[in-house]
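**Q** here is my input, please return the structure:
(4 chains)
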Protein chains: 2
Amino acid sequence: MNNLGNLQLLRVCTQCVLREFCKASGKQTTIAHDGAGIHICRKGRSIYHQGNAGGQVHILREGWAFRFTVLPNGRRQILEFLLPGDPILLPLLLVPYLPYTVHALTETALCTFALKDIDREAQAAKAILRRIEVTCAAGLIRNEARLAEINQRNSQERTAWLLLLLFGELKKRGYVEGNTVPFPLSLAHVADALGITVTHASRTLGSLRREGLISLTRERLTVHDEQTLANVALLPTAPPAG
Amino acid sequence: MNNLGNLQLLRVCTQCVLREFCKASGKQTTIAHDGAGIHICRKGRSIYHQGNAGGQVHILREGWAFRFTVLPNGRRQILEFLLPGDPILLPLLLVPYLPYTVHALTETALCTFALKDIDREAQAAKAILRRIEVTCAAGLIRNEARLAEINQRNSQERTAWLLLLLFGELKKRGYVEGNTVPFPLSLAHVADALGITVTHASRTLGSLRREGLISLTRERLTVHDEQTLANVALLPTAPPAG
DNA sequence: CGCTCTTTTGACCACACTCAACAACGGTGG
DNA sequence: CCACCGTTGTTGAGTGTGGTCAAAAGAGCG
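**A** Modelled structure (predicted):
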């Protein structure tokens, strides 16, 4: 599992959407959550199953997770990868069950909050609940835009786009060392997130490697040329002169 | 424009998420909204532009609209078609601006509500605001699932899927006569919603026609064999015996 | 009665899928 | 310590779905 420095842990907690409901919230300036509402979830285990009446929401503290649906034709569509600091199942505060399943991609640490606790305390803290709903809506809107973008790109563009997306998110969260970030995804994860086959994902990544844009070894992604990769991904970063 | 019977108009209004904020809400049992907050929007006109700080939300009363983004490569991705009764821009109650544009697809009638009116009155009606937020979240979650499904289907499956989706929604809303519903989409709309080209959309629809599953003339869609069409669309309706 | 926009159809091509074999890696047990 | 096995990743050959380009017919409109 990835080991966070104290600094990152602290930042995750002080910026957490659910911070007011944290059992250790009195000690927010120190990292004092140990044991209080924290659960460890092993790699590959299910955090939530599609359609269940879930009783709790989480904040992903350490490790990676992802949410996905399985379509009638048996193919898995990964909707989103979840990184440290991300809320998990937040929409359960608004609707009774969700149409996707969440799995741990690596071993994860989860800060867990019972829905009923939040509901009870939220009576006295409408403003906080509102802020949580805003976060929830913003996340859904953002992700809708992401899924839409995939549809209009070929596999090379999709792959570059995914790598840059994750690279950027990890950078924001302080996980970048040089140009390298942790990268626990298998080819199957990449393929199912992009809607291509494992075989083709391998080819596409191979091509990006051969062009010198990235290095991708087990567990580690290095982006050598972020600008060119952004061009390949058809991202509007630094608009190319027409 | 499509002409609703009194019954449908009434139903739309009594079930409206924003009904309490309607200026004519005192007369809810009759259709008495004429002029009060209702705007007509001509075919092709913009209802909201991506990124703007919109000051109002709407309920689509009559006609069709759609929301979309234009990607850096110039292609348009239609995110959702909006039918009579659908809220438009509801997430503006939670976030300041949205990453998509909304256009009228036919001439439309919109019930328009100023955000500031809702904000003011909502102070005294938290429960109502909550209900609206729930509707908003449910819509986003549903649409995320829809977009994800598209990714994993071929063009034939996608097309059948879109036709059935719209057919079902229109049926729910009482627009079906026999097996026929109004259908104002051009090939370009279908193509941009499904992420295929206009040329190929034409071929795919032609193939569905030739197989006798649908008739599609300008403005009118008839579904002759809903069950077979559902099979083509890979929908889990009436699970085929293994 | 032209003009434009939409739809259809054809020919050609390439991107991505299928099927298959094989290499690399890690874990397990003899 | 090595042989064995399952998982994951890589590569190749052949195929087909869907894109591109182009032309022409049809529909709407001034």
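**Q** from here on, just use CA atoms for contacts and neighbour counts.
**A** Will do.
**Q** grab the nearest non-local neighbour of residue A:132.
**A** residue A:17 (6.0 Å; Cα to Cα, 6 or more residues apart in numbering or on different chains).
**Q** enumerate the residues of chain A near DNA strand C.
**A** Neighbours of DNA strand C within chain A, by Cα under 7 Å from any atom of the strand: A:153, A:154, A:155, A:156, A:195, A:196, A:197, A:199, A:200, A:201.
**Q** go ahead and confirm the third one touches residue A:204.
**A** Yes. With contact defined as Cα atoms under 8 Å, residue A:155 and residue A:204 form a contacting pair (7.0 Å).
**Q** need the residue closest to the centroid of chain A.
**A** residue A:82 (1.7 Å; Cα atoms, centre = their mean).
**Q** so how far is DNA strand D from it?
**A** Distance, residue A:82 to DNA strand D, by Cα to the nearest atom of the strand, to the nearest Å: 18 Å.
**Q** quick one: contacts for that residue?
**A** A:60, A:64, A:65, A:66, A:67, A:88 (Cα atoms under 8 Å, 6 or more residues apart in numbering or on different chains).
**Q** any idea what it is bridged to?
**A** Here residue A:82 shows beta-bridge partners residue A:65, assigned using DSSP bridges.
**Q** and the pLDDT at it?
**A** pLDDT, residue A:82: 98.
**Q** residue A:17 now?
**A** The model's pLDDT for residue A:17 equals 88.
**Q** before we move on, what about residue A:125?
**A** Reported pLDDT for residue A:125: 80.
**Q** again, but for residue A:137
**A** pLDDT at residue A:137 comes out at 96.
**Q** pull the number of nearby residues for the residue lying closest to residue A:170 once chain neighbours are set aside.
**A** Closest residue to residue A:170 apart from its sequence neighbours, by Cα to Cα, 6+ apart: residue A:176 at 6.4 Å. Using other Cα atoms under 10 Å in any protein chain shown, residue A:176 is surrounded by 17 other residues.
**Q** by contact count, what packs against the helix or strand in which residue A:216 is found?
**A** Per DSSP states H and E: residue A:216 is located in strand A:214-217. In terms of contacts (3 or more Cα pairs under 8 Å, 6 or more residues apart in numbering or on different chains; DSSP states H and E), strand A:214-217 is packed against helix A:198-210, strand A:219-223.
**Q** any chance of those in TSV, plus mean pLDDT and mean neighbour count?
**A** Formatted as TSV, the helices and strands packed on strand A:214-217 follow (pLDDT from 0 to 100; neighbours: other Cα atoms under 10 Å in any protein chain shown):
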stretch	mean pLDDT	mean neighbour count
helix A:198-210	97	16
strand A:219-223	94	17
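**Q** can you say which of these is nearest to chain B?
**A** Of all the helices and strands packed on strand A:214-217, helix A:198-210 sits nearest to chain B, with 13.5 Å by Cα to the nearest Cα.
**Q** residues touching the closest one, excluding its own?
**A** A:155, A:156, A:159, A:160, A:187, A:188, A:190, A:191, A:214, A:215, A:216.
**Q** how long is stretch A:87-104 end to end?
**A** 13 Å (Cα to Cα, to the nearest Å).
**Q** show me what counts as buried in it.
**A** By neighbour count with 16 or more other Cα atoms under 10 Å in any protein chain shown, stretch A:87-104 contains the buried residues A:87-94, A:97-104.
**Q** ok, now how distant is residue A:143 from residue B:145?
**A** Computed as Cα to Cα, the residue A:143 to residue B:145 distance reads 11 Å.
**Q** just to revisit the earlier point, which element is the residue nearest to residue A:132 on?
**A** Here residue A:17 is assigned to no helix or strand, by DSSP H and E.
**Q** residues contacting it?
**A** A:87, A:131, A:132, A:135.
**Q** quick one: the helices in chain A, in order.
**A** A:6-14, A:115-122, A:126-151, A:155-172, A:187-194, A:198-210, A:226-232 (DSSP state H).
**Q** most tightly surrounded among the ones you listed?
**A** Comparing the helices of chain A by mean neighbour count (mean count of other Cα atoms under 10 Å in any protein chain shown), helix A:187-194 comes out on top with a mean of 21.
**Q** just the angle between it and helix B:126-151, please?
**A** 110 degrees (axes from the mean of the first three to the mean of the last three Cα atoms, to 10 degrees).
**Q** CA atoms only for helix A:187-194, dumped as PDB, please.
**A** Listed next in PDB are the C-alpha coordinates belonging to helix A:187-194 (Å, rounded to 0.1, in the frame of the first residue of the first chain):
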ATOM      1  CA  LEU A 187      -4.600  -3.700 -18.700                       C
ATOM      2  CA  ALA A 188      -8.100  -5.000 -18.000                       C
ATOM      3  CA  HIS A 189      -8.900  -1.800 -15.900                       C
ATOM      4  CA  VAL A 190      -7.600   0.400 -18.700                       C
ATOM      5  CA  ALA A 191      -9.600  -1.400 -21.300                       C
ATOM      6  CA  ASP A 192     -12.800  -1.500 -19.300                       C
ATOM      7  CA  ALA A 193     -12.600   2.200 -18.500                       C
ATOM      8  CA  LEU A 194     -12.000   3.100 -22.200                       C
END
